[in-house]
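> No sequence on hand, only this structure:
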Ligand SMILES: Cc1cc2nc3c(=O)[nH]c(=O)nc-3n(C[C@H](O)[C@H](O)[C@H](O)COP(=O)(O)O)c2cc1C
Ligand code: SF4
Ligand code: SF4
Ligand code: SF4
Ligand code: FES
Ligand code: FES
């Protein structure tokens, strides 16, 4: 099999968005984390060639970039779903049945927390509080928070995301 | 257009705040309709309600001033919609769904007759909202004074309610040292957890040698069950910005960062918007209000690590490093961000500052107790009737917060404990409910004031399992830099897990206590130092529950799976087949007209049958 710059089932790496991000960040202090955040926004995860390019741009070893990327829960080195579902298991949600909601989402999507559906439609994650504790149990799909969840409402919400 | 000092003094003497605002009167001849679109409101379906309002107005060819606001704090009642008509108090509707909108518009907005049965409360006095709602009667709103009242997207509304008058006062009439003195005299203590005197901290940073200094706002709000800071950032971002500008002037900083957790996208959006507006008005940036004071403010997004709420880890994270704490001294006041003197405060701390400066330290110091001044915002959650956000004067008792403000326990279950201060806090039992809320009294119970999360639990929560929950959190969030925390939290988690599985011994309890003390005393940062608090408080107040798990192999709250059985009550079972169909283990037998039965050998205690049974026939024992 020929060597290709493809990461698992990820797409072929297109450097254009990354170069634009780097150009904007030139000279900024403490730029590494914002660059990683924007790169992840653009690609959905941190592709290997992007990490190499970022290291070169910032003149730091690749190991440093990986060190930071793996320290923070927000960064991902593997492709993720088009929609990210984060079910809250924080204290308030815990005492109001967050586990059952996580179970309901997992059943609905047929994946375990941390996994992505084979069609890349969803990635399921846990989160330790969304700040919507007053409406627990809660979850977030992409940037939208949903509260007062029940099994039924979970199914309705997920249907909205393709 | 840039503002000047004259814009503020024209409203009269800066020391005597103006009281004019449009919060309870329509801005123009149109009626005002307000929709709560904080994270809570959105989570409850606020956007759909907002869209319905737009559609219904259009259908009728009506023109109204449609405003979206942040959180007023009645989470339990979201989605909230307010109608403001000329000459009438602001009326708030609770639990609004899109199909209720048409009637609210027809009856109230058009017909002038409020829909009585949907009303949650009214605001007659904009600085003391909802005198007719029990949830608000014991509240005193300083930090939350604008939240849910004004449109956080429009700086004009903040300006109308004395916004940036504190900054104007400081820049026109006070020396930096006088500002610090005023904050010191107010007695304000940090609201991020430790409760250190804010004025003193400012003084350290002001006195530190160096020409470049930084100001930071800690908006990481990592404690699960806490959302005070989020609500302030979403509902009144300018209060935090103004507080920071005043602090920057006091310590001699010209640059600041707001470090906000990434799970709060709306807060980040509102902050960026507010910073842009303040800069446009000349309230941030260069030569502020023409007084030669420069202050530039940036927002940094957190990246999902609880430990980054710790101040030294937070600064490492802003610098683009792994967010690991370092030992102090040197303190941030001397060597902080990029090695420069830095002052870091919590969101709520900053939001208090403009009011203190404007109304004077003695006004503030008159609120609260001898050592704990002012108010504290609490996030009431868990098994409480009125979940929400409440700002109360220090010194009020836990009982008053839970029963008078919070309305007591949901479903009339028996109140067991309140968890205060998140994973670094502790569980205070029902018998200590008359403890006043101040830093020292709460510390005496073994808990801490913490950031303000109050999670109420009832008889259905197992305290051993609850403790396991916190240990799981701390052991997975430990950054791993020092051994006592990294290993100690893991070992404690293992021991507690063993107990919940019915495999614990009485020696485990001693070992747990010993470990907890060791981790508390030898960890490098606050995470490790406080992680044992839930362990120690549950052992102190709920030891009998641990013993029941160990000796009687029984979970009194019927939570720990290894120690409970599900059974179907033959008197209640209507033989409806529902549980049988949904049991993932095929553990239920029964038929139409045949009472159902659970095969204990097959049952994995997943609880599905209990959830789906429409007749409450499945019981735990
Ligand atoms: C593990 C850990 C997490 C923390 N998280 C927060 C936080 O989310 N928000 C906060 O304001 N302070 C947090 N703190 C406290 C900060 O280190 C610091 O004391 C605080 O920001 C100072 O502000 P204050 O004096 O206004 O309270 C945390 C401390 C520790 C040890
Ligand atoms: S106490 Fe825990 S979180 Fe703090 S530095 Fe040590 S290992 Fe890291
Ligand atoms: S608890 Fe779960 S496994 Fe047991 S009988 Fe009920 S549904 Fe089946
Ligand atoms: S769901 Fe409830 S009522 Fe229906 S068969 Fe099962 S136990 Fe009986
Ligand atoms: S604990 Fe779930 S939203 Fe806060
Ligand atoms: S109403 Fe938003 S804090 Fe809940």
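On my side now, so go ahead. Owing to the predicted nature of the structure, the values given are computational and were not obtained by experimental measurement. Ligands and ions are numbered 1, 2, ... in the order given.

> where in chain A is pLDDT low?
Scanning chain A for pLDDT under 70 picks out A:1-11.

> again, but for the stretch 101-250 of chain B
Ranges of the stretch 101-250 of chain B meeting pLDDT under 70: none found.

> Please settle this for me: is residue B:269 part of a helix?
Yes: assessed with DSSP: H, G, I helix; E, B strand; the rest coil, residue B:269 lies in a helix.

> Neighbours of it, how many?
16 (other C-beta atoms under 10 Å in any protein chain shown). Placement of C-beta: from N, CA and C, glycine included.

> cool, and residue B:343?
Residues near residue B:343, counting by other C-beta under 10 Å: 28.

> Tell me the residue of the stretch 101-250 of chain B that sits nearest ligand 3?
For the stretch 101-250 of chain B and ligand 3, the shortest gap (C-beta to the nearest ligand atom) falls at residue B:224, measuring 26.9 Å.

> cool, chain A as well?
Closest point on chain A to ligand 3, by C-beta to the nearest ligand atom, is residue A:103, at 10.9 Å.

> Chain neighbours aside, what residue packs nearest to that residue?
The shortest distance from residue A:103 to any non-neighbouring residue, by C-beta to C-beta, 6 or more residues apart in numbering or on different chains, is to residue B:606 (8.0 Å).

> my guess is the one you found meets residue B:584, correct?
Yes: between residue B:606 and residue B:584 there is a contact at 6.3 Å, judged by C-beta atoms under 8 Å.

> Looking at those two, which is more packed in?
A side-by-side neighbour count of residue B:606 and residue B:584, using other C-beta under 10 Å, places residue B:606 first with 17 against 11.

> how about the helices in chain A?
In chain A, the segments counted as helices under DSSP state H are A:16-25, A:32-43, A:48-58, A:62-71, A:91-94, A:98-109, A:151-159.

> Equivalent analysis for the stretch 51-200 of chain B, please.
B:101-103, B:134-137, B:155-160, B:165-173, B:176-186, B:198-207 (DSSP state H, counting those that start in this stretch).

> Which among the ones you listed is found nearest to residue B:278?
Nearest of the helices of the stretch 51-200 of chain B to residue B:278, taken as C-beta to C-beta: helix B:155-160 at 6.5 Å.

> packing partners for that closest one?
Secondary-structure packing of helix B:155-160 (3 or more C-beta pairs under 8 Å, 6 or more residues apart in numbering or on different chains; DSSP states H and E): helix B:237-251, helix B:265-280.

> Pick the most buried one from those.
Counting by mean count of other C-beta atoms under 10 Å in any protein chain shown, helix B:237-251 has the highest mean neighbour count of these, with a mean of 28.

> Now the element after it, going C-ward?
strand B:255-260 (DSSP states H and E).

> tell me the contacts of residue B:189?
B:195, B:196, B:197, B:198, B:372, B:373, B:439 (C-beta atoms under 8 Å, 6 or more residues apart in numbering or on different chains).

> actually residue B:179, not the one I wrote
Counting by C-beta under 8 Å, 6+ apart, residue B:179 touches B:170, B:246, B:249, B:250, B:357.

> Could you give the residue of chain A that lies closest to ligand 1?
residue A:129 (10.5 Å).

> can you list contacts of stretch B:610-621?
With C-beta under 8 Å, 6+ apart, stretch B:610-621 has contacts from A:100, A:151, B:558, B:564-569, B:572-574, B:576, B:578-579, B:582, B:609.

> Please state the backbone phi and psi of residue B:296?
Main-chain torsions, residue B:296, degrees, to the nearest 10: phi -110, psi 140.

> so which residue of the stretch 501-621 of chain B comes closest to ligand 5?
Using C-beta to the nearest ligand atom, the closest approach of the stretch 501-621 of chain B to ligand 5 is made by residue B:534 at 15.3 Å.

> pretty sure that residue contacts residue B:423?
Yes: the criterion here is C-beta under 8 Å, and residue B:534 meets it with residue B:423 at 6.8 Å.

> Show me which residues of the stretch 401-550 of chain B are close to chain A?
B:419, B:422-423, B:453, B:455, B:457, B:461, B:466, B:469-470, B:473, B:477, B:479 (C-beta under 8 Å from any C-beta of the partner chain).

> just to revisit the earlier point, output the contacts of residue B:189 in JSON lines; the columns should cover distance to residue B:508.
Output for those, formatted as JSON lines (distance: C-beta to C-beta, whole Å):
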{"residue": "B:195", "distance to residue B:508": "34"}
{"residue": "B:196", "distance to residue B:508": "36"}
{"residue": "B:197", "distance to residue B:508": "41"}
{"residue": "B:198", "distance to residue B:508": "42"}
{"residue": "B:372", "distance to residue B:508": "37"}
{"residue": "B:373", "distance to residue B:508": "43"}
{"residue": "B:439", "distance to residue B:508": "33"}
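
> Kindly give a single ChimeraX line that selects the buried subset of those.
Selecting only the buried entries of those in ChimeraX, with 16 or more other C-beta atoms under 10 Å in any protein chain shown as the criterion:
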select /B:195,198,372,373,439
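
> Please produce CSV containing the contacts of residue B:189, extended by distance to ligand 2.
Below are the contacts of residue B:189 laid out as CSV (distance: C-beta to the nearest ligand atom, whole Å):
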residue, distance to ligand 2
B:195, 19
B:196, 18
B:197, 24
B:198, 24
B:372, 27
B:373, 30
B:439, 22
